[in-house]
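*Asks:* Sequence and predicted model, in that order:
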Amino acid sequence: ATVELNMYYPVAVGGPITKIIDGMIADFEKEHPGIKVTAVYAGNYDDTRVKALTALRAGQPVQLSVLFSIDLFELIDQDAIVPFDDLIGAADRPWLDAFYPALMENSRTQGKVWGIPFQRSTIVMYWNKEAFREAGLDPNRLPATWAEMVEMGKRLVKRDAAGNVTRYGVMVPSTGYPYWMFQALALQNGEVLMNQDGNRTFFDKPAVVEALEFWRDLGAKHGIMPRGTVEWGTLRAAFLEGKTAIMWHTTGNLTPVRKEAKFDFGVAMLPANKRRGSPTGGGNFYVFKKASPAERKAALTFIQWMTSPERAAQWSIDTGYVAVTRAAYETPALKRYIAEFPAAAVARDQLQHATAEFSVHENARVKKLLDDAIQAVLTGAKEPRAALAEAQAAAERVLARYRR
Amino acid sequence: MSSGGSRLRSALYGWLLLLPAAAILITFTHYPIVATLRDSLYSTARAGRPAAFVGLANYRFMVEDPVFAQVMWNNALFALGTIPASIALALVMALWVNRRLPARAFVRLAYFTPTVLPMIAVANIWLFFYTPQFGLLDQVRSLFGLGHHNWLGDARTVMGALIVMTIWKEAGFFMIFYLAALQHLPPDLAEAAAIEGTGRWTYFRRVTFPLLMPTTLFVLINATINSFKLVDQLFVLTKGGPDNASNLLLYYIYEVAFGFNDWSYAATLTVVLLAILAGLAFGQFFLIERRVHYR
Amino acid sequence: MKGRGEGLAGPPPPGQALEHAAALLLAVLWVLPLVYAVWAAFHPPEYATRFDPLAPLTLANFRRAWEVAPFARYLVNTVFLVSLILAAQLVLCTLAAYAFARFEFPGRDAAFGLVLLQILIVPEVLLVENYVTLSRLDLVDTLLGVGLPYMASAFGIFLLRQTFKQVPRDLDDAAQIEGAGPLRALLAVYVPLARPTYLAYGLVSVSYHWNNFLWPLVVTNSVETRPITVGLGVFAAPETGVNWSVVSAGTLLSVAPLVLAFLLFQRQFVQSFMRAGIK
Amino acid sequence: MASIQVSRASKHFGSVRAVDDVSFTVPAGSFVVLLGPSGCGKSTTLRLIAGLETVTSGRIWIGDIDVTDLPPSRRRIAMVFQSYALFPHLNVRENIVFGLKVRRVPAPDRAARLARVAELLGLAGLLHRKPGQLSGGQQQRVALGRAIIAETPVCLMDEPLSNLDAQLRQTMRRELRALQRHLGITTVYVTHDQVEALSMADRVVVLRDGRVEQDAPPAELYARPASVFVARFIGTPPMNVLRLADVPGGAAVRGTAVPVLGRPAGEGFLLGLRPEDVRLTSAGLPARVLDSEYLGADTVVNCAVGEETLKLRLPGRAPVTAGAEVRLGWTPDALHLFDATSGRRRDDVLQEPGVRQAKGEIT
Amino acid sequence: MASIQVSRASKHFGSVRAVDDVSFTVPAGSFVVLLGPSGCGKSTTLRLIAGLETVTSGRIWIGDIDVTDLPPSRRRIAMVFQSYALFPHLNVRENIVFGLKVRRVPAPDRAARLARVAELLGLAGLLHRKPGQLSGGQQQRVALGRAIIAETPVCLMDEPLSNLDAQLRQTMRRELRALQRHLGITTVYVTHDQVEALSMADRVVVLRDGRVEQDAPPAELYARPASVFVARFIGTPPMNVLRLADVPGGAAVRGTAVPVLGRPAGEGFLLGLRPEDVRLTSAGLPARVLDSEYLGADTVVNCAVGEETLKLRLPGRAPVTAGAEVRLGWTPDALHLFDATSGRRRDDVLQEPGVRQAKGEIT
Ligand SMILES: Nc1ncnc2c1ncn2[C@@H]1O[C@H](COP(=O)(O)OP(=O)(O)OP(=O)(O)O)[C@@H](O)[C@H]1O
Ligand SMILES: Nc1ncnc2c1ncn2[C@@H]1O[C@H](COP(=O)(O)OP(=O)(O)OP(=O)(O)O)[C@@H](O)[C@H]1O
Ligand SMILES: [Mg+2]
Ligand SMILES: [Mg+2]
């Protein structure tokens, strides 16, 4: 009897992700004739969560999904998922321990592991070397600190005769996942935004406010970034169009940028202020409670296969996402790839500075509070301190119930 | 009109014929309205905590919810921005297309095209128009030496951007209704006026426009409903951002229900939407009565 | 149709040329988005934002779009969905409209008022509750589920009722004298006479449901059920880093059938919409 | 062949008494016209016979069956409507055989009957046209065809000719009547055109406000109208009805001194004179010409007589000019007398000796 | 007061020659009727005069101004439409003064004129009603009011009465004519009803297929129709037109041997006889009664004469039954003669000595 598995997965980066997934599944099914997997692409992370949860609520057969690592608490609160500790035997422990700890931070709570890292990324800095040359900068020397970034950024800004900016120094996207970028800034300024239990936020800490002020000033004060929000979706296009010399973006965009860039570009870790830092991001595998024991077992088999070193390596090469285990980086394939394209290693190297992505109870709602605050500040509607204070207060109202 | 047949037979027939449609309408229009009212008085079930009767708590939360205030305000702006403009434009288009015009067929076709295109599809194209720096709009601006502008990223312009696009989408549709009405104006009225030496503008002001009043009212209602119904473009263009600057009621309801999984609050917001639409309903019936004012 | 002022003796009114120019300009502006979509779709990505008349043409974008998302399947779904809804609507609305137009029964006017309510309060407004109802009926993620709430259309009932009421009473009487019962009269007299209205309503309904997004988005979870709009919405989610060439290609793929039909039948289309407008 | 009997039929729409206690009989095979001004209840009466409306009270027989409670389809009647009520989406053939199809008459039989009817009405060439492609007269014939193909004993017609132009109406009148005689169908025919009634009917039933005003053959209707209403309704131009006053030597038209009746029967009576019965005379009732209307074959002259006005109809182009003083005369038997209050005819008074003897007559 | 002159005007719609080289004159203050069957170009001609259509060729004068290239508003005309073309959303008052407002006539003047017109047309009580609340006749008056308040020298009317019922039409006819005389407005009046034309017109212009068939005063039109077309178009019932054949001793009605014309002028000619000119006689042309139509004042008898049929109109209720053999006679001057091919009147032939001498006449 073949076990049928249905799963949803999101795509938040360019490239033919769907084809790659389908390909991997085809291979998997060849090796495991007893298991049939149907993977449905359901849009961005939020859409996919909505789909998965509504599907569950409507009693659709869904056994596992790749969902936002940060939806952990939401999923637990919805009583939708089971911890992997209940699925695996002692034999599987090593597999579980093989993942980079930074990537596992979003998977652990209440002393259990709820999600398995899959399409994970960190934020990295892409830079247009030609723009650097043009501005008389060493194309291979990168801003290592905020100060440097501002100073270089100013030189990278290009204006036309009318004095209108035709190229910006740097762009940090502020739609789609503003809180994520902001986490990086906060972290670099020495602060995290929430606690491990996901029932407390620290939006109003001075260092956090400072971070937001810095972000705003990139546009408002230094003029090296456009005022208002920067569109996540169109940023890559903007970078490829040479409209900005530097962009912050997910490593997940590495491959598409590499494919489409008509110019020589580089990738590096984000600059530091008090320290280096970037949140991890992206999707984990979750297994749903609704799944029958047989299905759970099949799901585990599938997940283990998908995260085995060879797959992880190939997946990383195809997409630019981080390969989730050390072992993956030991594989010849990835070794070779990194040799010819060192940028591919940046994400991994950054993992040592990385921390969990923002994740709390009623994540969507709280996250939106933060996002709105950030956008309010970037669009000049509010002052950082006030905005973050409000967000914090609102978050408190939501999260208070989850402390006892 | 029970021609011949007895009252009873006719009544029986009537209800039987009505039955299937009624069943569906009740299930998907009338029952949900009641259910929404009910759910707005309960709390959302979460792990551990089942739904419980909370009276007006949800409404209290709504009143304090700054996003709700923002969304209502936006919707008001959206309505004020789209309704008069699209109606006026529709009327002008209709008047133009109704006259002998070079390439009339093409012009009419052009005006009408947006109606047949899915909002969700064209939104992506408009996204390009609005993209800063290399978007079409900014490319044009730069031709005139103007700097680029972050149309969707700027809280001050994002609403305007949405409004313009919506007008583009709707005007052609409303035009059709005006066109229909225009073509049903007896031509000899125009001739009678022509003999009296009525100028075009006078004729429009004194005759055409008053006679189009019923259509205008009808279109007005439609436009108003749409201003609360049309949120597809948000999914592509702004997701309601930045900072809810372009968030609309129905989209917010979607967000709360399916994003936050807060079904009670979604119901509460829906009640508000229903209240508004119900208000319109009465408005419409009242106005429709007046439609026949001159017949 | 004789527009005003045509055939009149004497010189043409002043400023007419200017007006015609304005009308044409507006028309051009109105088709611009479509024109751009065509441009972007048929040129390589690097020209998506650069308008170079010499840019090479290509179909690659269509190929990619076609690969990235199962448009074929989406289109099939949409066509099936739209036909399903239309068929049901025609039957249900006809019966209901006939009841309202030609029969007297207690509570008729009240019932009609309740029906009209749905013209304003369309199902998507109640998407939360309707979604729950659908899950109870176990119809989530089925095309039937997407269509069901729309199958009794107040607009259709209203429109047909008007038309039926306009059918001369004599015809109904004649049919009776000739021995036809109510249903026979409906099929032999009313329905044929209402053909234009049916066409009009059909077109309105098709284009409405072809373009409908929010409700299908909520109800459908899988490729097998997604209509083209949802498919497109998912496919073109800006998160993936917009590539306008491919998106435009996808957009054209998804609107092509409707737009083609529209171009072919534009006269009937517009006329019919106008009939639909006459209420 | 079947007679129709309407007895004490009433139809009230709310407060409107469309038909009010109407009774009349239509002998089998005869042609009876319901005549009256707009809104008098003609159509309603017909629809009651057809069963398209249900009577408020009263009963209706067709042949010797009481059909009062039968639906139209069961009354074995045919009907022709003012609008013809042809099905615009069906061609002539389909229109004519519509009823036969509904009644499941076998195809060969249908074809045979169709052929006969088409032949009879000269529609053979038009069978495949849609009503929209036919002239008024042709549509008229098709409607007739649909009515007679059913071969019902009774046919009801509601102003079938009123949408045709004068010329055509005249020819159709004759055709229709001939056809009816030929097939011997019992026919009830509604019209508000008195010429049509006079020229076609075996009997005319004049309705007024839903009640029967007079029920008589055309000649009698014209020669001895039962009331002022009928008198004023019939004739082109209709009968002159003059108010009388008592004067020495008899009764005179109001405002004149010349008695027109030999005995004082003036107050409370109305005098009727048909325009064609009045002549210009040397001696006679003095009058002043107001205006005249030339109609080709004859001229209608409008005169002032005392306080009253009077029309007379003269052959050819009458040699009168507005303002001219003339004298009018008539033969004694041209006089009609009506009760001023009830409006009913009062031949009894007229018969009294000496009443007809008066000055204004010619010999 | 201004005359109208249409000279050689043509209007072609694509291939349709709606109006084809039409010329006629309307003397100042006179009332001219354009008469003809549907589709003959009456309305189009009127619209050319109004300037609502531009001529394809030809010129039009009003007074002594060539208005051919002037827009309607500059031609100083008023027009009454068949549909009345009242503005449904304006009340009677606003409708009537609409033109004055447009022309910026000062308010007091407006009020004065309105009062006068309302008085004249008896609309005083209705000024605040909407057209929808008026009867046909009242709407008619409002349309008239709007036309005459402009006090233009010329008024054009397109079948203004055709939407009214018989009774009302008759009274409106007289009113209208009186009004026109009273104000002395030069009027062109379109109708397809010959009775209307005869009774109202100073001159009648008969149109046929966009060309002028005859242009004459009513009496002449009736007495001496210029062509078979006119003859057959005018009169109730219209003139009998019989085909002739040569027989020994003259020309006889086809299929009879009795000469009706004294000299062989049969082949190629048509004989015209007005129904009211034919009488039943002891001796005379033998005929068989087909049927008869009782009209109250008189009866129209339909006879077969040889291969032809002939109508005669007899006063009262004629004592004839279908199938009866009768003999017909007439006075010599009752004869009309037409050319069979051209259809034109041929008095010349009739004048020739001996032609009128024939058997079938009475003395
Ligand atoms: N369905 C109805 N509801 C209410 N009143 C009606 C209805 N049908 C007829 N009437 C009224 O009954 C009266 C008689 O109507 P009916 O149609 O019989 O008159 P008629 O003689 O046929 O007039 P016409 O010559 O105009 O057809 C009229 O006053 C009319 O208003
Ligand atoms: N706008 C037009 N386009 C094409 N043909 C036209 C137009 N107006 C009139 N005609 C044609 O010109 C001819 C004369 O039309 P017109 O209306 O003058 O006739 P009429 O005498 O007024 O007829 P009726 O008595 O029915 O009004 C008709 O054959 C008509 O079909
Ligand atoms: Mg009637
Ligand atoms: Mg005309």
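*Replies:* Ah, there it is. Ligands and ions are numbered 1, 2, ... in the order given.

*Asks:* ok, now how distant is the residue nearest the centre of chain B from A:Ile21?
*Replies:* Note on chain B: the residue nearest the mean C-alpha position is B:Asn226, at 1.2 Å, using Cα atoms, centre = their mean. Using Cβ to Cβ, to the nearest Å, one obtains 38 Å as the distance from B:Asn226 to A:Ile21. C-beta: built from backbone N, CA, C; applies to glycine.

*Asks:* next one: D:Leu261
*Replies:* 115 Å.

*Asks:* So between these two, which is more surrounded?
*Replies:* Taking neighbours as other Cβ atoms under 10 Å in any protein chain shown, D:Leu261 and A:Ile21 compare with D:Leu261 leading, 28 against 22.

*Asks:* Correct me if wrong: that one contacts D:Leu271.
*Replies:* Yes. Using Cβ atoms under 8 Å, D:Leu261 makes contact with D:Leu271 at a distance of 7.4 Å.

*Asks:* Okay, strands next: where are they in the stretch 1-150 of chain C?
*Replies:* Remark: no strands are assigned in the stretch 1-150 of chain C by DSSP state E, counting those that start in this stretch.

*Asks:* Then chain A?
*Replies:* Taking DSSP state E as the test, the strands found in chain A are A:3-9, A:35-41, A:64-68, A:108-109, A:112-113, A:116-128, A:158-159, A:165-171, A:244-250, A:265-268, A:278-287, A:354-355.

*Asks:* how about JSON lines for those, with mean neighbour count added?
*Replies:* JSON lines is the format used below for the strands of chain A (neighbours: other Cβ atoms under 10 Å in any protein chain shown):
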{"stretch": "strand A:3-9", "mean neighbour count": "22"}
{"stretch": "strand A:35-41", "mean neighbour count": "20"}
{"stretch": "strand A:64-68", "mean neighbour count": "29"}
{"stretch": "strand A:108-109", "mean neighbour count": "17"}
{"stretch": "strand A:112-113", "mean neighbour count": "16"}
{"stretch": "strand A:116-128", "mean neighbour count": "26"}
{"stretch": "strand A:158-159", "mean neighbour count": "14"}
{"stretch": "strand A:165-171", "mean neighbour count": "22"}
{"stretch": "strand A:244-250", "mean neighbour count": "27"}
{"stretch": "strand A:265-268", "mean neighbour count": "20"}
{"stretch": "strand A:278-287", "mean neighbour count": "28"}
{"stretch": "strand A:354-355", "mean neighbour count": "22"}
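
*Asks:* quick one, which of the ones you listed is nearest to chain D?
*Replies:* strand A:35-41 (49.1 Å; Cβ to the nearest Cβ).

*Asks:* Show me what the closest one packs onto, helices and strands only.
*Replies:* Secondary-structure packing of strand A:35-41 (3 or more Cβ pairs under 8 Å, 6 or more residues apart in numbering or on different chains; DSSP states H and E): strand A:3-9, helix A:17-31, helix A:293-306.

*Asks:* now for those, which one comes closest to E:Val305?
*Replies:* Taking Cβ to Cβ, helix A:17-31 is the member of the helices and strands packed on strand A:35-41 nearest to E:Val305, at 96.3 Å.

*Asks:* hmm, back to that, for D:Leu261 and D:Leu271, list the residues in contact with both.
*Replies:* By Cβ atoms under 8 Å, 6 or more residues apart in numbering or on different chains, D:Leu261 and D:Leu271 have these common neighbours: D:Leu244, D:Ala251, D:Leu335, D:Leu337.

*Asks:* Which of these fall within strands?
*Replies:* Among these, the members falling in strands (DSSP E) are D:Leu244, D:Ala251, D:Leu337.

*Asks:* quick revisit: the residue nearest to the centre of chain B is in what secondary structure piece?
*Replies:* Counting by DSSP states H and E, the element that carries B:Asn226 is helix B:209-229.

*Asks:* Could you check how far that helix is from the centre of its chain?
*Replies:* Using Cα atoms, centre = their mean, to the nearest Å, the mean C-alpha position of helix B:209-229 is found 10 Å from that of the whole chain.

*Asks:* Same question for that helix: list its buried residues.
*Replies:* Within helix B:209-229, the residues that qualify as buried are B:210-229, counting by 16 or more other Cβ atoms under 10 Å in any protein chain shown.

*Asks:* For B:Phe204, see how far away B:Met213 is.
*Replies:* B:Met213 sits 13 Å away from B:Phe204, taking Cβ to Cβ as the criterion.

*Asks:* Could you do A:Thr145 as well?
*Replies:* From A:Thr145 to B:Phe204 the distance is 68 Å (Cβ to Cβ).

*Asks:* Near ligand 1, which residues of chain D are found?
*Replies:* Applying Cβ under 6 Å from any ligand atom, we find that chain D lies next to ligand 1 at D:Phe13, D:Val16, D:Ala18, D:Gly36, D:Ser38, D:Gly39, D:Cys40, D:Gly41, D:Lys42, D:Ser43, D:Thr44, D:His192.

*Asks:* Give the burial count for the fifth one, as a bare number.
*Replies:* The reference is to D:Ser38. By the measure other Cβ under 10 Å, the count of residues near D:Ser38 is 9.

*Asks:* what residues are up against A:Asp92?
*Replies:* A:Leu300, A:Gln304.
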